[in-house]
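>>> fold the following and give me the result.
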Amino acid sequence: MHRIQRKLVVHFGHASSVLKQSDQDALAWLVDSLPESYRLTITGYTDNTTTGSTIDNKTLAQKRAQSVMEYLSELGVDKDDITLNVSPLCCYIAPNTTESDRAKNRRTEILVTSLSNEGINP
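Alright, predicted model coming up:
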């Protein structure tokens, strides 16, 4: 059995866990392209400026991941098929030195793992 993976990244505004319409559209597309058998892993991240507190950043990362999970659930994804993770104040994909780079770090990554041989629709 092959395990094929694909990742979708959803970005958030400063100190926000609210999904933008464009991200809702991307998540709807993701749901439409899910293989028959799959697992989703959703990981929430923050930049290093939210409120400065590790606890606040962890809470925000959790809210971002939950926001994505709740929306996917509204679209018909079973919550039992989702694993939530949080990685606040770590795993930056850009330096936190400019607003545009910090915006890249304010994200949630959704990893789709196909559990069947059918793969993931392109």
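>>> tell me where the chain has helices.
21-32, 54-74, 99-105 (DSSP state H).
>>> winner for burial among these?
helix 54-74 (a mean of 19; mean count of other CB atoms under 10 Å). Just so you know, the C-beta spots here come from the backbone N, C-alpha and C atoms, and that holds for glycine as well.
>>> which helices and strands sit right next to that helix?
With contacts taken as 3 or more CB pairs under 8 Å, 6 or more residues apart in numbering; DSSP states H and E, helix 54-74 sits against helix 21-32, strand 38-45, strand 82-87, strand 107-114.
>>> in a markdown table, list the ones you listed along with mean pLDDT and distance to T98.
Listed next are those as a markdown table, based on pLDDT from 0 to 100; distance: least, CB to CB, whole Å:
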| stretch | mean pLDDT | distance to T98 |
| --- | --- | --- |
| helix 21-32 | 97 | 22 |
| strand 38-45 | 96 | 17 |
| strand 82-87 | 95 | 21 |
| strand 107-114 | 95 | 16 |
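>>> so where's the protein uncertain?
1-4, 50-53, 117-122 (pLDDT under 70).
>>> quick one on the thing from earlier: reformat the helices and strands packed on helix 54-74 as JSON lines; add distance to V68.
Below are these laid out as JSON lines (distance: least, CB to CB, whole Å):
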{"stretch": "helix 21-32", "distance to V68": "7"}
{"stretch": "strand 38-45", "distance to V68": "5"}
{"stretch": "strand 82-87", "distance to V68": "9"}
{"stretch": "strand 107-114", "distance to V68": "5"}
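>>> which stretch among these comes nearest H11?
With CB to CB as the criterion, H11 lies closest to strand 107-114 of these, at 5.0 Å.
>>> so which bits of the closest one are buried?
By 16 or more other CB atoms under 10 Å, the buried positions in strand 107-114 come out as 107-110, 112-114.
>>> which one of those residues is nearest L27?
Distance to L27, by CB to CB, is smallest for I110 among those, at 7.7 Å.
>>> so that closest one sits right up against T41, yeah?
Yes: using CB atoms under 8 Å, I110 is in contact with T41, at 7.4 Å.
>>> measure the residue lying closest to T43 once chain neighbours are set aside to T108 for me?
Of all residues not flanking T43 in the chain, N85 sits nearest, at 4.1 Å (CB to CB, 6 or more residues apart in numbering). The gap separating N85 from T108 is 10 Å, by CB to CB, to the nearest Å.
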